[in-house]
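J.: the following block contains a protein sequence and its predicted model.
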Amino acid sequence: MKTVIIGGGPAGMMAAVSAADSGDNVILLEKNEKLGKKLFITGKGRCNVTNACEREVFFEHVISNPKFLYSAYSALDSKALMDFIEENKTPLKIERGNRVFPVSDHSYDIIDALKRALQAGDVEIRLNTEAGGILTGETEAETGKKVITGVRLKNGEMIKADKVILATGGLSYPSTGSTGDGHKFAEESGHKMTACRPALVPFETKEEWVKSLQGLSLKNVKLSLVNGGKTIYGEQGEMLFTHFGISGPLVLSASSIYAGIKEYKDPHVLIDLKPALTEEETDRRLIRELQEGNRKELKNILNEIYPLKLAGIICDIAGIDQYRRCNEVSAKERKALLDVTKRLRISIRGCRDFNEAIITHGGVSVKEIQPKTMESRIVSGLYFAGEIMDVDAFTGGFNLQIAFSTGYLAGKHIY
């Protein structure tokens, strides 16, 4: 039997390794000049390959369709993936938050491990080879499904195949080749798509004062995402102000929840600058600082509470002159400072585009894919793996684990 896999990213490479283990004649097509082009830049070049967490924790971090991934993760969980990589001569280490990286801190070592496994499986790799579509034959009488017959290349060549795995990725980082080819092939073969939006991506904001804080990083703050008056995400950690809005770990995670909102109603984030203190404790600290400041200008004591660049802006938002004497600040004005401290509001204009998105939210509907095999319910012999499907997760190695697990399962069931 001949299996053709379209896409040489993590899902495609793992699918090829798995399919070759099943004894198939496997051809891996990659449109770029090398394998793993997007994998190479993940984790700022260090490649956070997976997360060494417990099974329950893994699924808590999956945003879209976690139940669909039960079989895939059971087939290749994080421990099995780590064992596979280390067996292919790339030692790993576990860092904060159970994030797993190669000991070398170089993503190309992960790619090399996969290449060694591909070579061991006698996988035929065709670089600089772009697919133009998938080929189907007559409909099966028993199932009513179309049957895969091969792949058409952009140069006009036809490759006959018994099985085809689409592992072309989503739309994020199109410069690496993720330009939605697989989505197009899936739609042409009759599959439905859920709306694709950028995820794990910075926010663009409405307030002009945000841009003046460009480069300022806030640590140990709590960010809450609010839509339609309801808080739909909240977490404590780090964020960053940019020339267009906000970014950083908290924002990236919030953006994945934002991507799943069907109707936006006054979306905004609220930043608690002092999450370790209750509202009452924060108020008591403000009272104490104001009393000790006495005749000092307000801005001088606020620099002890907030980052220097932020102090004046907090005064402006609270409607207080930062040059006022501390002993002249009224109780009402202090309450305004308190409110801004615990609920600094930033309105969301939208997300940055796919050029800056780490992952794609949306894709081929999982309702049309068999979760135990990754085979299409519509086209016999057609399989899916990785970001092309409507599955995504938070940062921390979870999305790469999804790619590897689904790729492994798809290849495993090629027989």
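T.: Alright, I've got the coordinates. Numbering: from 1, shown residues only.
J.: switch to C-alpha atoms for all contacts and neighbour counts from now on
T.: Fine.
J.: most centrally placed residue in the protein?
T.: The centroid of the chain falls nearest to residue 359 when counting by C-alpha atoms, centre = their mean (4.0 Å).
J.: my guess is that residue contacts residue 172. True?
T.: Yes. Between residue 359 and residue 172 there is a contact under C-alpha atoms under 8 Å: 5.5 Å.
J.: what sits in contact with each of the two?
T.: residue 198 (C-alpha atoms under 8 Å, 6 or more residues apart in numbering).
J.: surely residue 367 forms part of a strand?
T.: No. Assessed with DSSP: H, G, I helix; E, B strand; the rest coil, residue 367 is helix; it does not lie in a strand.
J.: mind checking how far it is from residue 253?
T.: Going from residue 367 to residue 253 by C-alpha to C-alpha, to the nearest Å gives 25 Å.
J.: which secondary structure elements does the helix or strand containing residue 287 contact?
T.: Using DSSP states H and E, the element containing residue 287 is helix 279-293. Contact here means 3 or more C-alpha pairs under 8 Å, 6 or more residues apart in numbering; DSSP states H and E; on that basis helix 279-293 packs against helix 298-302, helix 331-342.
J.: can you give me phi and psi for residue 65?
T.: Main-chain dihedrals, residue 65, degrees, to the nearest 10: phi 60, psi 50.
J.: now do the contacts for the closest residue to it other than its chain neighbours.
T.: Of all residues not flanking residue 65 in the chain, residue 391 sits nearest, at 5.9 Å (C-alpha to C-alpha, 6 or more residues apart in numbering). Neighbour list for residue 391: 62, 63, 64, 65, 66, 361, 362, 363 [criterion: C-alpha under 8 Å, 6+ apart].
J.: now, of those, which are buried?
T.: Among the contacts of residue 391, the ones that count as buried by 16 or more other C-alpha atoms under 10 Å are 62, 63, 64, 65, 361, 362, 363.
J.: please report how far the closest residue to residue 228 other than its chain neighbours lies from residue 380.
T.: Leaving aside its sequence neighbours, residue 228 sits nearest to residue 265 (C-alpha to C-alpha, 6+ apart; 4.7 Å). Going from residue 265 to residue 380 by C-alpha to C-alpha gives 42 Å.
J.: neighbour count: those two, which is higher?
T.: Higher neighbour count among residue 265 and residue 380: residue 380, with 22 against 12, using other C-alpha atoms under 10 Å.
J.: show me what the more buried one is bridged to.
T.: Beta bridges link residue 380 to residue 147 when assigned by DSSP bridges.
J.: so it touches residue 149, yeah?
T.: No. In this structure, residue 380 is not within contact of residue 149 by C-alpha under 8 Å, at 9.6 Å.
J.: based on its surroundings, how many neighbours for residue 288?
T.: Neighbour count for residue 288, taken as other C-alpha under 10 Å: 12.
J.: is it true that residue 179 touches residue 170?
T.: Yes. In this structure residue 179 lies within contact range of residue 170 using C-alpha under 8 Å: 7.0 Å.
J.: could you pull out the strands for the stretch 101-250 of the chain?
T.: Ranges of strands within the stretch 101-250 of the chain are 124-126, 131-136, 146-153, 158-160, 163-166, 193-199, 203-205, 217-227, 230-241, 245-247, based on DSSP state E, counting those that start in this stretch.
J.: tell me what angle the strand or helix carrying residue 3 forms with strand 146-153.
T.: Secondary structure from DSSP H and E places residue 3 in strand 2-6. Interaxial angle of strand 2-6 relative to strand 146-153 (axes from the mean of the first three to the mean of the last three C-alpha atoms, to 10 degrees): 60 degrees.
J.: identify the bridge partners of residue 126.
T.: Residue 126 has the following beta-bridge partners by DSSP bridges: residue 29.
J.: let the chain start at 316 from now.
T.: Sure, I'll start numbering at 316, so the last one becomes residue 441.
J.: tell me, how many residues neighbour it?
T.: Other residues within reach of residue 441, judged by other C-alpha under 10 Å, total 17.
J.: what sits against it?
T.: 342, 343, 344, 345.
J.: now with 7 Å?
T.: By C-alpha atoms under 7 Å, 6 or more residues apart in numbering, the residues touching residue 441 are 343, 344, 345.
J.: tabulate these (JSON lines), appending pLDDT and distance to residue 370.
T.: Converted to JSON lines, the contacts of residue 441 look like this (pLDDT from 0 to 100; distance: C-alpha to C-alpha, whole Å):
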{"residue": "343", "pLDDT": "98", "distance to residue 370": "30"}
{"residue": "344", "pLDDT": "98", "distance to residue 370": "32"}
{"residue": "345", "pLDDT": "98", "distance to residue 370": "32"}
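J.: I'd like the residues you listed as CSV, with distance to residue 434 appended.
T.: Shown next, in CSV, are the contacts of residue 441 (distance: C-alpha to C-alpha, whole Å):
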residue, distance to residue 434
343, 12
344, 15
345, 16
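J.: restrict the lowest-mean-pLDDT helix or strand in the chain to CA atoms and write it as CSV.
T.: Ranking every helix and strand in the chain by mean pLDDT, DSSP states H and E puts helix 613-617 at the bottom, with a mean of 89. Extracted in CSV, the C-alpha atoms of helix 613-617 (Å, rounded to 0.1, in the frame of the first residue of the first chain):
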residue,chain,number,x,y,z
LEU,A,613,1.3,62.3,44.6
LYS,A,614,3.4,61.1,41.7
ASN,A,615,6.4,60.6,44.1
ILE,A,616,4.6,58.1,46.3
LEU,A,617,2.9,56.3,43.4
